[in-house]
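sequence plus the predicted model coming up.
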Amino acid sequence: QAQLAESGGGLVQAGGSLRLSCAASGRTFSYYYIGWFRQAPGKEREFVAAIRWSGASTYYADSLKGRFTISRDSAKNTVYLQMNSLKPEDTAVYYCAATRARATYDARYDYWGQGTQVTVSS
């Protein structure tokens, strides 16, 4: 059974950095895209970034380009989200998810992790 598990969330001051991890297990994701989404209280879930497992092509939400970087370590079956220059508005639960086709719409993703909380204090 395919599983995705996020880790690395926490409390950080504005201007700080965090690296989130998404560990994949239970099936091969070689032909999948792994994406990161986030959901703040009272808001809809929004796309952050995604990476193609094979070939490692990446794409980002325009508003987050330059601050967030997605990468993957195939040997560890893990996708990372490096977040720099964090702002209070980045506070959200961050989820990783998997889809077979490039997508920014959450309904296109088939597998989801449980989420990890990121809180940025001002």
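Alright, I've got the coordinates. Predicted, not measured: the structure shown is a model, and the values here were computed from it. Numbers count the residues shown, from 1 in each chain.

make it CA atoms for all contacts and neighbour counts henceforth
OK.

just grab the bridge partners of Thr99 for me.
Following DSSP bridges, Thr99 is listed with bridge partners Tyr33.

also Leu81?
Leu20, Ile70.

check Ile51 too.
On the basis of DSSP bridges, Ile51 is bridged to Ile34, Thr58.

list of residues touching stretch 34-54?
By C-alpha atoms under 8 Å, 6 or more residues apart in numbering, the residues outside stretch 34-54 that reach it are 29-33, 57-61, 64, 69-72, 74, 79, 81, 91-99, 102, 104-106.

return the distance of the nearest residue to Tyr80 once chain neighbours are set aside relative to Ser71.
Using C-alpha to C-alpha, 6 or more residues apart in numbering and skipping the chain neighbours, the partner closest in space to Tyr80 is Ser21 (4.6 Å). Ser21 sits at a distance of 10 Å from Ser71 (criterion: C-alpha to C-alpha, to the nearest Å).

next: Phe47.
16 Å.

go on, Val93?
19 Å.

hang on, the earlier thing: can you pull the contacts of the residue nearest to Tyr80?
Residues near Ser21 by C-alpha under 8 Å, 6+ apart: Ala5, Glu6, Ser7, Gly8, Thr78, Val79, Tyr80, Leu81.

Arg67 against Asn84, yeah?
Yes: using C-alpha atoms under 8 Å, Arg67 makes contact with Asn84 at a distance of 5.2 Å.

next one: the most centrally placed residue in the chain from Ser21, what distance?
Averaging the C-alpha coordinates of the chain gives a centre point, and the residue nearest to it by C-alpha atoms, centre = their mean is Trp36 (2.4 Å). Distance, Trp36 to Ser21, using C-alpha to C-alpha: 10 Å.

mind telling me what element Arg102 is part of?
Of the helices and strands defined by DSSP states H and E, none includes Arg102.

how many neighbours does the residue nearest to it when sequence neighbours are not counted have?
Ranked by C-alpha to C-alpha, 6+ apart and with sequence neighbours excluded, the top spatial neighbour of Arg102 is Tyr33, at 6.4 Å. Residues near Tyr33, counting by other C-alpha atoms under 10 Å, number 22.
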